[in-house]
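Participant: here are the coordinates; sequence isn't available:
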C-alpha cells in the first residue's frame, strides 16, 4: 500500500515537472520567433548611407537657393534705398 502511494506521488510530481518543462520550452520557442521577427524588421527602420547623403544634399541645395534669394533681396533693398 505504501509503495502505491509513493508511485502515485512520484507520478504526479513527474507529470507536473514534465508539463512545466514543456510549457517553458514552448515559451522559449515563442520568444525565439519574436526575436527573429525583430531582427528582420529592425533594419527596415534604418537609413542607408546613400539615402542619408541624398537627403542631406537635397537640404543643402535648398539652403543654398534660399541663401541666394536672401542675398538678392538684400541687394535689391540696398539699391532701392541708395
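Facilitator: Good, I have the coordinates. The shown structure was predicted, so the numbers you read here are calculated from the model rather than taken from an experiment.
Participant: Any regions of the chain where pLDDT drops low?
Facilitator: In the predicted model of the chain, residues 82 satisfy pLDDT under 70.
Participant: Need the single longest helix in this structure, by residues.
Facilitator: Counting residues, the longest helix found in the chain (DSSP state H) is helix 2-41.
Participant: And that helix, how far out from the chain middle?
Facilitator: Centroid separation for helix 2-41 versus its chain: 30 Å, with Cα atoms, centre = their mean, to the nearest Å.
Participant: now the very next helix or strand once past it, how far from the chain's geometric center?
Facilitator: Downstream of helix 2-41, the first helix or strand assigned by DSSP states H and E is helix 49-81. Centroid separation for helix 49-81 versus its chain: 35 Å, with Cα atoms, centre = their mean.
Participant: Report the buried residues of helix 49-81.
Facilitator: For helix 49-81, a neighbour-count test (16 or more other Cβ atoms under 10 Å) marks nothing as buried. Every C-beta, even on glycine, is put in place using the N, C-alpha and C of the backbone.
Participant: ok, now stretch 29-43?
Facilitator: Buried, per 16+ other Cβ under 10 Å, within stretch 29-43: nothing.
Participant: Could you list the domains of the chain?
Facilitator: For the chain, automatic domain parsing gives the domain ranges 1-44, 47-82.
Participant: how distant is the longest one from the center of its chain?
Facilitator: With Cα atoms, centre = their mean as the basis, domain 1-44 stands 29 Å off its chain's centre.
Participant: Then the last one?
Facilitator: A distance of 35 Å separates the C-alpha centroid of domain 47-82 from that of its chain, computed with Cα atoms, centre = their mean.
Participant: Then stretch 44-63?
Facilitator: 20 Å.
Participant: Next up, phi/psi of residue 47, please.
Facilitator: phi -100, psi 140 (degrees, to the nearest 10).
Participant: follow-up on the earlier one: what packs against the longest helix of the chain?
Facilitator: For helix 2-41, there is no helix or strand it packs on, judged by 3 or more Cβ pairs under 8 Å, 6 or more residues apart in numbering; DSSP states H and E.
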